[in-house]
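A.B. asks: Sequence first, predicted coordinates after that:
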Amino acid sequence: MLVNATAMLKAAEKGHYAVGAFNTNNLEWATGILMAAEELQSPVIIQCTAGAAKWQTSYKVVADLVKNLVEDMNITVPVAMHLDHGSYDDVFKCIEAGFTSVMYDGSHEESFEINLKRTEEVVKAAHAKGISVEAEVGGIGGTEDGVTAKGELADPAQCKAIADLGVDFLACGIGNIHGIYPDNWEGLSFDQLQAIKAAVGDLPLVLHGGTGIPVDQIQKAISLGICKINVNTDLQLVFAEATRKYIEAGKDQEGKGFDPRKLLKGGRDAITARTKELMEEFGSTGKGWA
Ligand code: 13P
């Protein structure tokens with residue numbers, strides 16, 4: 001069932017596990033993720049950026065796609081439809097389009113004061129409709145959706161000021177970056193994570209850039225208060241690899257192997273398999289309490 005993300009992340013915070021938040025704007029990709037969630041009885045967050053929504057025409061197309069899949073596939077675990085890295089304007093478009101959860105990423109605003117003021121307005125508007133809110137302090141490095149940023153360490157005092165606005169969960173920079181980590185990456189800053197957690201109390205924290213972080217670091221981050229882990233590139237890579245194998249093996253040239261349903265099936269299955277592995281790593285399996 002489609003819900004906001006507040007209760008599932010509060011439960012994760014108490015239970016010391018994390019809910020996977022997987023980006024998608026597409027039928028095969030979303031179906032693959034939902035199949036994994038239902039099979040493992042795990043709560044899940046499906047999320048979409050502005051650029052991904054535009055590829056598919058509009059936020060409403062993506063929101064309706066996920067809503068209809070949840071109904072038609074008889075998904076019993078909680079699923080949140082979340083805006084990832086939304087601008088202030090995008091947040092209001094997604095509230096209209098039927099998203100159950102939004103992220104306002106104010107980390108790119110000119111000043112922290114602007115981030116603070118706009119986050120406050122977003123919380124008011126979203127909460128009036130029962131929609132959960134993720135905020136961000138400290139830009140996440142790397143490139144996503146055409147936006148490139150240098151990774152930052154979030155300031156715990158700023159995290160506390162944003163937490164006090166009543167946001168439901170908070171993304172904080174702790175040396176994480178979007179996309180593939182470079183060989184000379186120094187790893188997550190657990191000192192920073194501990195300082196942030198001490199400042200914000202039981203507020204669920206979000207780790208962006210989940211692709212390629214070693215499992216021991218993922219699990220340590222969860223033990224220190226990370227309750228939502230965003231993964232995008234990882235599922236794109238397994239989809240591409242499976243599709244490439246199908247074509248390189250000449251399967252599209254056998255019988256009606258060129259049928260897009262057949263051509264995309266290996267990729268979808270690879271997404272389901274990898275999502276299941278990640279849900280096991282994050283500890284969310286069997287937690288779909290709906
Ligand atoms: P990756 O593409 O590195 O998995 O990051 C995903 C993410 O953080 C989405 O906001």
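C.D. replies: That came through, no problem. It should be emphasised that the depicted structure is a prediction, and the values quoted were computed from it without experimental measurement. Residues are numbered from 1 along each chain as shown.
A.B. asks: Correct me if wrong: Lys82 contacts Val91.
C.D. replies: I think there's a mix-up here, since residue 82 is His and not Lys. No: using C-beta atoms under 8 Å, His82 makes no contact with Val91, being 11.2 Å away. Where C-beta positions appear, they are placed from N, C-alpha and C, glycine not excepted.
A.B. asks: neighbour count winner among the two?
C.D. replies: His82 (27 against 24; other C-beta atoms under 10 Å).
A.B. asks: That one falls within a helix, correct?
C.D. replies: No: secondary structure of His82 (DSSP: H, G, I helix; E, B strand; the rest coil): strand, not part of a helix.
A.B. asks: which residues sit in contact with it?
C.D. replies: 5, 21, 45-48, 99-103, 132, 134 (C-beta atoms under 8 Å, 6 or more residues apart in numbering).
A.B. asks: if we go to 6 Å?
C.D. replies: Neighbour list for His82: 45, 47, 101 [criterion: C-beta atoms under 6 Å, 6 or more residues apart in numbering].
A.B. asks: and the residues you listed, which of them are in strands?
C.D. replies: Per DSSP state E, strands hold the following members of the contacts of His82: 45, 47, 101.
A.B. asks: per-residue confidence at the closest residue to Lys256 other than its chain neighbours?
C.D. replies: In space, and not counting its chain neighbours, Lys256 is closest to Lys262: 7.0 Å by C-beta to C-beta, 6 or more residues apart in numbering. Lys262 is assigned a predicted lDDT (pLDDT) of 96.
A.B. asks: could you measure Lys262 against Glu28, distance?
C.D. replies: 12 Å (C-beta to C-beta, to the nearest Å).
A.B. asks: higher neighbour count, the two?
C.D. replies: When Lys262 is set against Glu28 and neighbours are counted by other C-beta under 10 Å, the residue ahead is Glu28, at 19 against 15.
A.B. asks: those strands in the protein, which residues are they?
C.D. replies: According to DSSP E, the strands that the chain contains are 19-23, 44-48, 79-86, 101-104, 132-137, 142-144, 147-149, 169-172, 205-207, 226-231.
A.B. asks: okay, the fourth one in PDB with CA atoms only?
C.D. replies: As requested, the backbone C-alpha atoms of strand 101-104 are provided in PDB (Å, rounded to 0.1, in the frame of the first residue of the first chain):
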ATOM      1  CA  SER A 101       6.700  12.100   0.400                       C
ATOM      2  CA  VAL A 102       9.000  14.900  -0.700                       C
ATOM      3  CA  MET A 103      12.600  15.900  -0.400                       C
ATOM      4  CA  TYR A 104      13.300  19.600  -0.400                       C
END
